[in-house]
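J.: Give me the fold of what follows.
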Amino acid sequence: MANCLQGNLKKWYPGSVGLFLIAALALVLPGSAKAQKAGADEIAIGVVLPISGREAKPGQYQREGIELAIRQINQGGGIFVKERGKKLPVKEIFYDDGSDQAKSAGLVERAITSDNVVAVLGGYSTALGEAESVMPDRYQTPWITTGAAATSIFSRGYEYIFGALSSVDLLGYTTAQFLGGLVDHGKLKKGLKLALALENTDHGVDYGKGIGKWIQEHPGYFSVVFSENFELGSTDFSGLLQKVKNARADIFLADAHLQDYITMHRQYIQTGTYHQMISYGARGPEADARKALGEATNYIFAGIWWSAKLPYPQVKKFVADYQGFTGHPPDSWYPATAYDAMRALATAIERAGSLKRTAIRDQLRTVELKDSLLPGQVFRFGKNGQINTPFVVVQNKPGDKVDIVYPPDAATGEAIAPKPH
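T.: Numbers count the residues shown, from 1 in each chain. This next block holds a predicted model:
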């Protein structure tokens, strides 16, 4: 019933009115989302992530990272809250947003207003994160996005939003920097031509800007001979890929989410095009992609926020704990940023000594995890609420192997460039 009514609302009320009504529908329709209320002696934390729809797999992995952190906190007795004089367990109030923007925003509002959570975690992807980000300041409730990194989210002057991912423009910059390093080491020639395919979101805008910034700062290394946007969730990239082929570029760089990466690369293979290096932004090593595309994913490289191969003892422990908790290894970067976000929130709550939302917000501004899983091992929010940890670049290799190939001090293998024919 809910899906039927939502579809009709989109048809009857196009534009922003429809989005508002869909958000309202998510709040009132029974069965549109389910959660259990926290008790008086529990700390209610809202979690709004997609575990259905096009972003289901990354959303599932992020939820698992949060739930592992909550489990470990509760196994230690919970979080000490000074004003209560005791430790309180964390209660997750979870909602599946179905990868739908309007529903996502409405569920954040529901968690805050109906479930009385002290903070919300969620917002996987730029689209969902942008939708959710309007709610925290409206209700003066801290919100940490575990999976959205577009700079637009953090440039609006909001006071209650925080981000556990470094910006996408840094991803683009790091991608170009990595390729520039391959030129410096003689693996690629100087003056190569780039073709860009960017998702039509602020995420895509940031990625392109980051690449452009590095190229501008390092003249003579690369030139962009083609750049075009595509819509999220497209099923046919043949026209775009034909243009990429006709551009006769040396390197192909796309900014894509997981499902678009799989769809686009399957169609890329069919064109018979060859590029010396290929990347789909922050996507590449995911198990679903390698299962769907097999050896065709070999030598694709990706800039990611975290890798299970980072040489830190806390990463080794996390990987073992996560495997024991979920029954499968971490897939790409998804669970680690969510895990650290929950740990940062728990630290802020304890330092606040209170369950007052503004007090928790104030402590989030200064919280610092010095045993972070992320590159550099220090997790702290910047002035705009977003972290600024470095990226690692990984490359798929035959035999389902993935190596960190950049930066050099974290590398577990050498970059293969150019990509074999």
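J.: ok, now which ones touch the residue most central in space within the chain?
T.: Centroid check for the chain by CA atoms, centre = their mean gives Gly147 as the closest residue, at 2.9 Å. Contacts for Gly147 were tallied using CB atoms under 8 Å, 6 or more residues apart in numbering; they are 49, 58-59, 62, 122-125, 128-129, 164-165, 334, 337-338. To be clear about C-beta, it is placed using only N, CA and C from the backbone, and glycine gets the same treatment.
J.: Just the ones of those residues in strands?
T.: 49, 122-124 (DSSP state E).
J.: I would like a ChimeraX command selecting only the buried ones among the residues you listed, please.
T.: To isolate in ChimeraX the members of the ones in strands among the contacts of Gly147 that are buried, counting by 16 or more other CB atoms under 10 Å, one can use:
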select :49,122,123,124
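J.: At which residues are the helices of the chain located?
T.: Here the chain has its helices, by DSSP state H, at 2-12, 16-28, 56-75, 101-113, 126-132, 135-139, 168-184, 202-217, 238-246, 258-271, 287-293, 313-326, 334-352, 357-364.
J.: The chain - how does it break down into domains?
T.: 33-166+313-380, 169-304+392-410 (automatic domain parsing).
J.: out of those, which comes closest to His421?
T.: For His421, the closest of the domains of the chain is domain 169-304+392-410, at 6.1 Å, according to CB to CB.
J.: distance between that closest one and the chain's centre?
T.: From the chain centre to the centre of domain 169-304+392-410 is a distance of 17 Å (CA atoms, centre = their mean, to the nearest Å).
J.: Out of the helices and strands in the protein, which is least certain?
T.: The element with the least model confidence among the helices and strands of the chain, by mean pLDDT, DSSP states H and E, is helix 2-12, at a mean of 39.
J.: Turn the domains of the chain into a markdown table, including mean pLDDT and distance to Pro418.
T.: Compiled in a markdown table, the domains of the chain are given as follows (pLDDT from 0 to 100; distance: least, CB to CB, whole Å):
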| stretch | mean pLDDT | distance to Pro418 |
| --- | --- | --- |
| domain 33-166+313-380 | 96 | 24 |
| domain 169-304+392-410 | 97 | 4 |
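J.: With respect to burial, which of these scores highest?
T.: Comparing the domains of the chain by mean neighbour count (mean count of other CB atoms under 10 Å), domain 33-166+313-380 comes out on top with a mean of 21.
J.: Just give me how far it sits from the chain centre.
T.: 13 Å.
J.: Repeat that for stretch 372-385.
T.: On CA atoms, centre = their mean, the centre of stretch 372-385 falls 15 Å from that of its chain.
J.: How much space separates the residue nearest to Tyr322 when sequence neighbours are not counted from Gln60?
T.: Sequence neighbours aside, Pro330 is the residue nearest to Tyr322 in space, at 5.4 Å (criterion: CB to CB, 6 or more residues apart in numbering). According to CB to CB, to the nearest Å, Pro330 and Gln60 sit 12 Å apart.
J.: So Tyr95 sits against Gly46, correct?
T.: Yes. Taking contact to mean CB atoms under 8 Å, the distance of 7.4 Å between Tyr95 and Gly46 places them in contact.
J.: Find residues that contact each of these two.
T.: Ala111.
J.: excluding its backbone neighbours, what's nearest Phe325?
T.: The shortest distance from Phe325 to any non-neighbouring residue, by CB to CB, 6+ apart, is to Leu68 (4.9 Å).
J.: what about the closest residue to Glu368 other than its chain neighbours, distance to Phe222?
T.: The shortest distance from Glu368 to any residue that is not its chain neighbour, by CB to CB, 6+ apart, is 4.5 Å, and that residue is Arg380. Counting by CB to CB, the gap between Arg380 and Phe222 amounts to 33 Å.
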